[in-house]
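Participant: here is a sequence with its predicted model. Questions after.
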Amino acid sequence: QVQLVESGGGLVQAGGSLRLSCTVSGSVSRINDMGWYGQAPGKQRKLVARISHDGGADYAETVKGRFTISRDNAKNTVDLQMDSLNSEDTAVYYCMADVLTPASIGWRAYWGQGTQVTVSS
């Protein structure tokens, strides 16, 4: 079984910063892509940032230059540094990891439970 646990959400004023962290645990052989997705109230979940196993990163246009994703392959963690936050960043943020387990025959995406980020203006 694979588990993703997120931390670091909260309430912050516009212009402030938050750092989200996610740890993958359980029966993991290898992790491919990892990422963060945001879901605002009444809207679909969408990609915020993702990072490949070798460190290549992609960002949503709305967060480029403000957010930075990083990972530690030895610890199976992925972080999201969020700077210059604005009210449009308010959402539940979900961690995702593309995982190969010893019992599986292919990759599967696993998700965390989500952490709330609220930016007050």
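Facilitator: Cool, got the structure. Values in this document were obtained by computation on a predicted structure and should not be read as measured data.
Participant: now the element after the host helix or strand of Gln81, going C-ward?
Facilitator: For Gln81, the element it lies in under DSSP states H and E is strand 77-82. Using DSSP H and E, the next helix or strand after strand 77-82 towards the C-terminus is strand 91-100.
Participant: quick one: list the elements packing against that next one.
Facilitator: strand 2-7, strand 18-26, strand 30-39, strand 77-82, strand 108-111, strand 115-120 (3 or more C-beta pairs under 8 Å, 6 or more residues apart in numbering; DSSP states H and E). Quick note: C-beta positions are derived from backbone N, CA and C, even for glycine.
Participant: so what touches the shortest one?
Facilitator: Taking contacts as C-beta atoms under 8 Å, 6 or more residues apart in numbering, the residues outside strand 108-111 that touch it are Val2, Gln3, Leu4, Val24, Tyr94, Cys95, Met96, Ala97, Asp98, Val99, Leu100, Thr101.
Participant: please name the nearest non-neighbouring residue to the first one.
Facilitator: So that's Val2. Closest residue in space to Val2, ignoring its immediate chain neighbours: Gly26 at 4.2 Å, by C-beta to C-beta, 6 or more residues apart in numbering.
Participant: give me the pLDDT value at that neighbour.
Facilitator: pLDDT, Gly26: 94.
Participant: what does Thr62 give?
Facilitator: pLDDT for Thr62: 97.
Participant: quick check, it in contact with Glu88.
Facilitator: Yes - using C-beta atoms under 8 Å, Thr62 and Glu88 qualify as a contacting pair, with a distance of 7.1 Å.
Participant: how much space separates the residue nearest to Val2 from Ala91?
Facilitator: Separation of Gly26 from Ala91 (C-beta to C-beta, to the nearest Å): 26 Å.
Participant: among those two, which residue is more densely surrounded?
Facilitator: The neighbour comparison of Gly26 against Ala91 (other C-beta atoms under 10 Å) goes to Ala91, with 22 against 12.
Participant: is the more buried one in contact with Gly38, as I believe?
Facilitator: Yes - using C-beta under 8 Å, Ala91 is in contact with Gly38, at 3.8 Å.
Participant: which residues are in contact with each of the two?
Facilitator: Val117.
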